[in-house]
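Student: sequence plus predicted model, see below.
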Amino acid sequence: MYRSAALVAAASFLSIASAQQVGTNTAEVHPALTWYKCAAGGSCTAQAGKVTLDANWRWTHTTTGYTNCYTGNAWDTSLCPDGVTCAKNCALDGADYSGTYGVTTSGNALTLKFVTPNSNGKNVGSRLYLMNSDTAYEMFKVMGQEFTFDVDVSQLPCGLNGAVYFSEMDADGGLSKYANNKAGAKYGTGYCDSQCPRDLKFINGEANVAGWTGTSANSGTGNYGSCCSEMDIWEANSISAAYTPHPCDVTGQTRCTGSQCGSPSRYSGVCDPDGCDFNSYRQGDHTFYGPGMTVDTTKKFTVVTQFITSDGTANGTLTEIKRFYVQNGKVIANSMNKISGISTSFNSITTDYCNQQKAAFGDTTSFQNHGGLTTMGNSLKRGGVLVLSVWDDYAVNMLWLDSTYPTNCTKDGCLRGTCPTSSGVPADVEASAANASVTYSNIRVGPIGSTYSGTTSTSSTTKTSTTSVKTSTTSTKTTTTTKTTTTTASGAQQTHYGQCGGQGYT
């Protein structure tokens, strides 16, 4: 929710990432990540997945050598006089996942370090995609299903966000659509979300050089943005958590310009930038989520998200998005709303909940204006790419997630967590929380009730175990090692993004 339209620099290297040709300096070896497809009754089959790093983090250089195409916050105009020429002249290279980016996998677990010192300086944050093969993203269709994963947020303090979400990207990263995109999903191309980000270096196989203006020492924005519907399954740290659907008027990844991108007016675009969120603290329960609370964030726990449809099938209309947690063998229902003016029977996202929440908080009805749950459901039917990330927020310091935002507001809806309004400043957290990390593990998808186990408060068994029964690996995929054997070329630089920072939000 409130994702900023600006990707901001995340590292202190000499050149910045993203290109559309393929470089040869570093071999691209995708870290392996096992995940599970479950069947009714709780039998789950292991899938030999992989992850790839987003293109905006990667080193880009000339196709004929190692001259940077982008340095600091500016393009090399001799190589990039226009978007098409730049895409032809510049190559995107492979990644040293652990050494440069702090990304490691082990079995079914993915760990993302927040700050990773390396020979070129440091990398801050990362964004990864789950892959079906070395050249295609896994496309998830979760209507009438549930999506579950384990997470450890104990090392994510105020100002940080470990995010898991679906974006309606192309499975091949736009490789087949755009002639100048030779890199594709293998190199993490084709990103889009509901904020229509304009700081992506390449969109639709062209460099975003037209109108490019530096916004920090290492980042900028161009004339174009990249829009698509987005389902935020999880945006959280150890203090606060939210889940949020963001529908868009467009189908799939779509390039925008001007008002279509929501610029300069936040609500003029083709997407819903705010979404309809459920944050337990914002909804008035201040003892549900956090260290030592009902969901104790000092320990690992399981997050279950169910996509309920009108007829119980994948073809029905999305009517409800439900949330459960499992911790220490116990199933924990999501907290109930406690805010006046919103029914206290709500603990999930429905049309009635969203209507009442927007009215009670005085929020813009952008979610409804872009089709609400129905449009979100249509996107989920088409399928989404799973995104896993960790980041800090250069726009509003993550206050929209874990503090009071706007900072001078005292009305319902502004209290989002216990973090001080002075917290979350990127320069501060990148120093004080340099050792922060998040681990996502045991990703599962399947029919309602198939992906988790535990007992209710009455101690009756509610689900069958889903992770220890059937774990045969699919034969259509190959497993790669989790450690690259090459090194990143000198001068590589990555970026991070203000994913929900609230640009233009008041």
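Tutor: Now that the structure is in, tell me what you want to look at.

Student: can you classify Pro81 by secondary structure?
Tutor: When classified by DSSP: H, G, I helix; E, B strand; the rest coil, Pro81 comes out as coil.

Student: state the pLDDT value of it.
Tutor: Per-residue pLDDT puts Pro81 at 97.

Student: ok, now the one 4 residues further on?
Tutor: The predicted local confidence for Thr85 comes out at a pLDDT of 96.

Student: just list the residues touching it, thanks.
Tutor: Thr85 is in contact with Leu79, counting by C-beta atoms under 8 Å, 6 or more residues apart in numbering. To be clear about C-beta, it is placed using only N, CA and C from the backbone, and glycine gets the same treatment.

Student: check contacts around Asp150.
Tutor: Lys300, Phe301, Thr302, Val303, Tyr440, Ser441, Asn442.

Student: quick check: the gap between it and Gly341.
Tutor: Remark: distance between Asp150 and Gly341 (C-beta to C-beta, to the nearest Å) = 35 Å.

Student: what do you get for Leu156?
Tutor: Taken as C-beta to C-beta, the span from Leu156 to Gly341 is 32 Å.

Student: neighbour count for those two, which is higher?
Tutor: More neighbours surround Leu156 than the other of Leu156 and Gly341, with 23 against 11 (other C-beta atoms under 10 Å).

Student: tell me how many other residues crowd the closest residue to the more buried one other than its chain neighbours.
Tutor: Spatial nearest neighbour of Leu156, excluding adjacent residues (C-beta to C-beta, 6 or more residues apart in numbering): Asn237 at 3.9 Å. By the measure other C-beta under 10 Å, the count of residues near Asn237 is 28.

Student: assess the claim that Asn237 and Asn161 are in contact.
Tutor: Yes - counting by C-beta atoms under 8 Å, Asn237 does reach Asn161; the two are 6.2 Å apart.

Student: quick one: common contacting residues for these two?
Tutor: By C-beta under 8 Å, 6+ apart, Asn237 and Asn161 have these common neighbours: Met398, Leu401.

Student: okay, and Tyr129 sits in which element?
Tutor: Using DSSP states H and E, Tyr129 sits in strand 126-133.

Student: partners of that strand in the sheet?
Tutor: Using DSSP bridges, the strands paired with strand 126-133 are strand 44-53 (antiparallel), strand 136-137 (antiparallel), strand 384-392 (antiparallel).

Student: out of the ones you listed, which is closest to Thr64?
Tutor: strand 44-53 (24.0 Å; C-beta to C-beta).

Student: for the closest one, what is the distance to the chain centroid?
Tutor: 17 Å (C-alpha atoms, centre = their mean, to the nearest Å).

Student: grab the CA positions of it and hand them over as PDB.
Tutor: In PDB, the C-alpha atoms belonging to strand 44-53 read as follows (Å, rounded to 0.1, in the frame of the first residue of the first chain):
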ATOM      1  CA  CYS A  44       2.000 -31.700  -1.000                       C
ATOM      2  CA  THR A  45       4.500 -32.200  -3.800                       C
ATOM      3  CA  ALA A  46       7.900 -30.400  -3.900                       C
ATOM      4  CA  GLN A  47       8.600 -28.200  -6.800                       C
ATOM      5  CA  ALA A  48      12.200 -27.500  -7.900                       C
ATOM      6  CA  GLY A  49      11.900 -23.700  -8.200                       C
ATOM      7  CA  LYS A  50      14.600 -21.000  -8.500                       C
ATOM      8  CA  VAL A  51      14.800 -17.300  -7.900                       C
ATOM      9  CA  THR A  52      16.100 -14.500 -10.000                       C
ATOM     10  CA  LEU A  53      17.200 -11.000  -9.200                       C
END
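
Student: which elements pack onto the helix or strand just after it?
Tutor: Next in sequence after strand 44-53, counting helices and strands by DSSP H and E, comes strand 60-62. With contacts defined as 3 or more C-beta pairs under 8 Å, 6 or more residues apart in numbering; DSSP states H and E, the packing partners of strand 60-62 are strand 90-92.

Student: what's the strand it packs on in contact with?
Tutor: Outside strand 90-92, the residues within contact range by C-beta under 8 Å, 6+ apart are 17-24, 55, 58-63, 69, 79-80, 183, 187, 189, 207.

Student: now these: which count as buried?
Tutor: The neighbour count (16 or more other C-beta atoms under 10 Å) marks 17-23, 55, 58-63, 69, 79-80, 183, 187, 189, 207 as buried among these.
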